[in-house]
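# for reference, the sequence and a predicted model appear below.
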Amino acid sequence: MKIKHFLPFLLLVNYITAQNKNLVDYVNTLQGTFSTPELSYGNTYPTVAMPFPVHAFSPQTGKNGDGWKYQYQAKTIRGFQQVHQCSPWVNDYAVFSLMPEIGELIVNENDRASSFSHTNEVAKPYYYKVTFDNGITSEISPVERGGQMRFTFPKGKKAFLVLDGYTKQSSVQIHPKERKITGWVHNGLLIQENFKCYFEITFDKPFKAYGTWENKKNTIEKGNVSDKGDGKGAYIEFKAGSTIQVKIASSYISQAQAQTTMQQELGKYKTFEDTKANAKKAWNHLFNRVVVEGDNEADKATFYSCLFRANLFSHRFFELKEDGSPYYFSPYDGKVHNGYMYTDNGFWDTFRAQFPLSNILHPTMQGRYMQSLLDAQKQSGWLPTWSCPGMSGIMIGNHAISLLTDAWIKGVKGFNAEEALQAYYHEMSNGGPWGGSNGRPAHKNWFELGYIPYKEVGESAAKTLEYAYDDWCGYQLAKAVGNKHYMDIFSRQMYNYKNIYDPEVGFMRGKKENGEWLENFNPIAWGDPFTEANSWQYSWSVFHDINGLIKLMGGKETFLNKLDTFFTMDTSFDVGSYGHIIHEMREMQLANMGQYAHGNQPVQHVAYLYNYAGEPWKTQDRVRKIMKQLYNGTEKGYPGDEDQGGMSSWYVLSALGIYSVCPGTDEYNLGSPVFKKATITLENGKKLIIEANGNSDENVYIKSATLNGTSYDKNYITYEDIASGGILKLQMSDTPNKQRGVSPDDVPYSVSNKSNTKN
């Protein structure tokens, strides 16, 4: 090749290499796994999955049915599960597991557990590997609706694989000639009676022996090829010293669809390495859409580990017909429908950060998701708010309307806004059968009194605050489509937050039906009338009207003094209605940031509120401290429950220098980016580049800013600015610029601030 032809080729190779960095290997999927019910560093498990998968996999250290399926401090593994669990508190569904053994066949889940060391463990999104102390090596790599495992047995001892049917009903059929097992499992908390997860598992080596067993009394039926009932499983013996490749495909629709999925997703991959390479490529493609640059490798590991978890939930729940069209078994009515469905998400945990992040990165998926919310409402009568995979009333608020409104305002379409308004009106004007976040308990009081009365419904003050925000979302969506009827209805309640503010004590407070305040008020008392928090933490939950909250608290000076106190006061607490210490209380004390309890959602926007009161440099300082002190890429990487990408998304957005305080507007507050440069590539191919010149651990303050070359003093950036691409340049300093971002025009949206007309 002549040099003049070689140089352009070399430049092209360098360009491609620069554009396709191997970023996925920064991820540690063990992040947050050192957790217990008493103290959470994430309550995560080392998930092996594609982005937003239908099925994922994880090693299992806990017993069948234990929500803490993997704990870093455990010494043994008892299986490798198909998983979907979005919280240990609600457990998992559609679970089965495989476990390799040598020597004697042992089916009991306690006795078959094998010891291991973390030094012999690799935990990446696309690949998990562990070599047990007994010499067996187990590996996992994913596809969207299944995965592939590889087991390497040491020579000289019998080699077995045990299939465990988990906690409830299951069916297994062994096909020795075809070298496969088929069947189904029926397990989970929020599932339909006719719910089944069908599976097809194929092996690349012949069976030496086989049989079935059950996990209640651990009885074994040698040579048996089929069984059905509680906890039924199977086992296979292979030639000693074998390396076995195992392909797994699952379907919620039928056994035939599981077979189709096997061909669609794993048929093209001849070896385990092929599956692994494809999964790695998929994650790198996603991560190369959010490239951060800086000198601190530990920060990159934290960032990409969080970006990984921000792109796991919600799970796809749809499958593909032979012609490629989507259809799904509905977890809401137990029927099969055409189209898209998503589930495994609690919106109380994720409306604040995870969905605003996905609206930036995945608008096409978000449009499909919003339509699936409306389809779920038609199938069940209610909008989902906390599904795993079916309907529940877990947590509080009617936050599906936040998702729908935020998507619409940001230009994410694909659904009918009028249908969304009708569905939400039904939600907020009726009490749902599940209670909690399902429907609106005490909805008549809501309309007549303007608040949820204490003891008429639990967590009344928290619900009042969140319902006021939700009704503002309804108002905002109605305004966007010009529906005056719903604008009038929802606007009447969006200021209801004012009705539970007691100016005598300076806090939000439980109020009785007769208008009297709840006695013996203590702002550090946790629980009823608040949700997993106290009044210090919940009094800031007026996302849509921080300007109104400032006035309510007595003006900017009082508001700012209260904010400062919140972050610097004593970390003591009163257990309140809980009567005992819950893990969120311990995590607040470990954070040592006053009453700021980042381990739970109600306060996660509060550090950004200085942007609304003329002191944005304090936001910049606070968010950098929170990120530096409370997050890392290790097994103790989170300051509380990670919650379906909610806490990770907070970090990802904040590390980029932005955060959506009020989903339902087109604004993202500015904070203080962690990295010197971040390049976000949108679905449309445009790029937003955020440059933080001079950025360091000391230089956390924004001295000056330009957007596409024009001086920029606002404390927020719009979604349109992001989606249009461009360059946001920040000059960072170790000294606050107290002249920047202080004018009324620089303040983010509040509904009571009449200068905010564009939202």
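Yep, that arrived.

# run through the bridge partners of Val290.
Ile680 (DSSP bridges).

# Glu144 touches Phe317, doesn't it?
No - the pair Glu144 / Phe317 is not scored as a contact, 11.4 Å apart, by Cβ atoms under 8 Å. C-beta here means a position set from N, CA and C on the backbone, and glycine is covered the same way.

# please enumerate the shared neighbours of these two.
Listed contacts common to Glu144 and Phe317 are Val54; contacts here mean Cβ atoms under 8 Å, 6 or more residues apart in numbering.

# the residue nearest to Thr735 when sequence neighbours are not counted and Lys677: what is the separation?
Nearest non-adjacent residue to Thr735, counting by Cβ to Cβ, 6 or more residues apart in numbering: Tyr701, 6.4 Å away. Using Cβ to Cβ, to the nearest Å, Tyr701 is found at 18 Å from Lys677.

# now do Leu421
Taking Cβ to Cβ, one finds Leu421 at 41 Å from Lys677.

# quick check: closest non-adjacent residue to Ile106.
Arg112 (4.4 Å).

# also Tyr26?
Using Cβ to Cβ, 6+ apart, the closest residue to Tyr26 is Tyr304 (4.0 Å).

# let me see the contact set for the one you found.
Leu23, Val24, Tyr26, Val27, Phe287.

# out of the residues you listed, which comes closest to Lys69?
Distance ranking of those against Lys69, using Cβ to Cβ, places Val27 first at 19.1 Å.

# these two touch, right, that closest one and Tyr126?
No - with contact defined as Cβ under 8 Å, Val27 does not reach Tyr126; the gap is 9.0 Å.

# now do the shared contacts for those two.
Trp283.

# so which of Leu421 and Lys677 has more stuff around it?
When neighbours are counted by other Cβ atoms under 10 Å, Leu421 and Lys677 differ, and Leu421 comes out ahead with 24 against 16.

# helix, strand, or coil at Met487?
helix (DSSP: H, G, I helix; E, B strand; the rest coil).

# how much space between Arg78 and Asp230?
On the measure of Cβ to Cβ, Arg78 and Asp230 end up 19 Å apart.

# neighbour-wise, which of these two wins?
When neighbours are counted by other Cβ under 10 Å, Arg78 comes out ahead of the other of Arg78 and Asp230, with 23 against 13.

# now the more buried one: closest residue in space that isn't a chain neighbour?
In space, and not counting its chain neighbours, Arg78 is closest to Ala113: 4.0 Å by Cβ to Cβ, 6+ apart.

# so Gly294 makes contact with Phe675?
Yes - applying Cβ under 8 Å as the test, Gly294 and Phe675 come out as touching, 4.2 Å apart.

# what's the overlap in contacts for the two?
When contacts are counted by Cβ under 8 Å, 6+ apart, Gly294 and Phe675 are jointly contacted by Asn695.

# neighbour count winner among the two?
Phe675 (21 against 17).

# isn't that one right up against Val292?
Yes - Phe675 is within contact range of Val292, at 4.2 Å (criterion: Cβ under 8 Å).

# what sits in contact with each of those two?
By Cβ under 8 Å, 6+ apart, the residues touching both Phe675 and Val292 are Phe303, Ala655, Leu656.

# contacting residues for the last one?
When the contact criterion is Cβ under 8 Å, 6+ apart, the partners of Leu656 are Val290, Val292, Pro673, Phe675, Ala678, Ile680, Ile690.

# cool, and the first one?
Counting by Cβ under 8 Å, 6+ apart, Phe303 makes contact with Tyr26, Val292, Tyr651, Val652, Ala655, Val674, Phe675.

# the helix or strand hosting it: which residues count as buried?
Taking DSSP states H and E as the definition, one finds Phe303 inside helix 297-310. For helix 297-310, a neighbour-count test (16 or more other Cβ atoms under 10 Å) marks Asp299, Lys300, Ala301, Thr302, Phe303, Tyr304, Ser305, Cys306, Leu307, Phe308, Arg309, Ala310 as buried.

# at which residues are the helices of the stretch 501-650 of the chain located?
535-538, 546-552, 556-568, 583-591, 616-630, 646-656 (DSSP state H, counting those that start in this stretch).

# pLDDT (mean, whole number) over the fourth one?
Mean pLDDT, taken over the full extent of helix 583-591, equals 97.

# over to the longest one?
Confidence for helix 616-630, expressed as mean pLDDT, is 98.

# what's that helix packed up against?
Judged by 3 or more Cβ pairs under 8 Å, 6 or more residues apart in numbering; DSSP states H and E, helix 616-630 is in contact with helix 556-568, helix 646-656, strand 667-670, strand 701-707.

# could you dump these to TSV with mean pLDDT?
TSV is the format used below for those (pLDDT from 0 to 100):
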stretch	mean pLDDT
helix 556-568	98
helix 646-656	98
strand 667-670	98
strand 701-707	98
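
# which stretches of the stretch 301-450 of the chain form helices?
Using DSSP H, counting those that start in this stretch, helices in the stretch 301-450 of the chain cover 347-350, 354-361, 363-380, 400-409, 417-428, 443-449.

# next, the angle helix 400-409 makes with the second one.
Inter-element angle recorded for helix 354-361 and helix 400-409: 20 degrees (by axes from the mean of the first three to the mean of the last three Cα atoms, to 10 degrees).

# by contact count, what packs against helix 354-361?
Taking 3+ Cβ pairs under 8 Å, 6+ apart as contact, the helices and strands that helix 354-361 lies on are helix 297-310, helix 363-380, helix 400-409, helix 646-656, helix 719-724.

# isn't the residue nearest to Ile106 right next to Ile102, touching?
No - between Arg112 and Ile102 there is no contact under Cβ under 8 Å: 10.8 Å.

# in stretch 256-267, which residues are buried?
Buried-residue list, stretch 256-267, by 16+ other Cβ under 10 Å: Gln257, Ala258, Gln259, Thr260, Thr261, Met262, Gln264, Glu265, Leu266.

# does the fourth one touch Asp323 like I think?
No - the pair Thr260 and Asp323 fails to qualify as a contact (Cβ under 8 Å) at a distance of 10.6 Å.

# per-residue confidence averaged over the strand or helix carrying Thr464?
In this assignment (DSSP H and E), Thr464 forms part of helix 460-481. Mean pLDDT, computed over helix 460-481, is 98.

# relative to helix 400-409, how tilted is that helix?
30 degrees.

# what comes up buried for helix 460-481?
Of the residues in helix 460-481, 460-479 count as buried by neighbour count, 16+ other Cβ under 10 Å.

# any idea which of the helices of the stretch 301-450 of the chain gets closest to Phe566?
Among the helices of the stretch 301-450 of the chain, the nearest to Phe566 by Cβ to Cβ is helix 347-350 (21.4 Å).

# ok, residues contacting the closest one?
By Cβ under 8 Å, 6+ apart, helix 347-350 touches 313, 355, 384-386, 394-397, 399-400, 402-403, 437, 466, 601, 641, 643-646, 649.

# mind running it again at 6 Å?
Contacts to helix 347-350, defined as Cβ atoms under 6 Å, 6 or more residues apart in numbering, come from residues Thr385, Met395, Gly397, His399, Gln601, Asp643, Gln644, Gly646.

# among those, which pair sits farthest apart?
For these, the farthest-apart pair by Cβ to Cβ is Gly397 and Gln644; their separation is 15.2 Å.

# ok so, going back, top of the contacts of helix 347-350 by neighbour count?
Thr385 (31 neighbours).

# report pLDDT for it.
For Thr385, pLDDT reads 96.

# right, and it touches Ser437 too?
Yes - at 3.9 Å, Thr385 counts as touching Ser437 under the criterion of Cβ atoms under 6 Å.
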